[in-house]
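Trainee: I'll drop the sequence and a predicted model, then ask my questions.
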Amino acid sequence: QVQLVESGGGLVQAGGSLRLSCAASVRTFSSYNMGWFRQAPGKEREFVAAIRGSGVTSYYADSVKGRFTISRDNAKNTVYLQMNSLKPEDTAVYYCACTNSAGGYWRPLSGYEYDYWGQGTQVTVSS
C-alpha cells in the first residue's frame, strides 16, 4: 500500500512563498512519476505540476509556470513544490499523487493517470 503524506501548507500573504513536501512510502521511489494537483472551494481539481521518476523532465500548468518549481529527492522518497510569488487565486487544497512509471505512456496533466493520492494540505494566500 502506497502512502503519500503532504506537509508545508499554511497561510501566507500575496507575493510570499511556501514549499510543500510529499513523502512517499514506496520501495523504489524513482520508479514513480509524481504530480501536484489543487482544488479550490467550489472548483474542480486542477493540475499544477508533475515530474518523472528520474527527475529530468517536469511539467507545469500555465497558471503557475515561472512561479512554481517541482523537484524530487529520490534518496529521501520526497517530492517538493516550491511556490513563489503566490497569489490569492493559488488558495486551494494541494494534493500529491503518484503512479508507477512502469505503465509506460503517461499523461501527467490528467488526474486519471495517478493511482495514489495524499490527504492534501491547505494553502491560503491573503491579499
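Mentor: Noted; the coordinates are in hand.

Trainee: this protein: strands as residue ranges?
Mentor: Assigned by DSSP state E, the strands in the chain fall at 4-7, 10-13, 18-24, 32-39, 46-51, 58-60, 68-73, 78-83, 92-100, 116-117, 121-126.

Trainee: so which of those comes closest to P108?
Mentor: strand 46-51 (3.7 Å; C-beta to C-beta). Backbone N, C-alpha and C define where each C-beta goes, glycine included.

Trainee: measure G8 to S127 for me?
Mentor: Between G8 and S127 the computed distance is 21 Å (C-beta to C-beta, to the nearest Å).

Trainee: hmm, who's touching stretch 2-13?
Mentor: 18-26, 86, 94-98, 115-126 (C-beta atoms under 8 Å, 6 or more residues apart in numbering).

Trainee: how does it look with 7 Å?
Mentor: 18-26, 86, 94, 96, 98, 116-126 (C-beta atoms under 7 Å, 6 or more residues apart in numbering).

Trainee: report the buried members of these.
Mentor: 18, 20-24, 26, 86, 94, 96, 98, 116-118, 120-121, 123, 125 (16 or more other C-beta atoms under 10 Å).

Trainee: before we move on, back to that, comparing G8 and S127, which residue is more hemmed in?
Mentor: Of the pair G8 and S127, G8 is the one with more neighbours under other C-beta atoms under 10 Å, namely 16 against 9.

Trainee: once you drop chain neighbours, what's closest to that one?
Mentor: Spatially, and ignoring its direct neighbours in sequence, G8 is nearest to L20 (4.2 Å; C-beta to C-beta, 6 or more residues apart in numbering).

Trainee: fine by me, we can end here.
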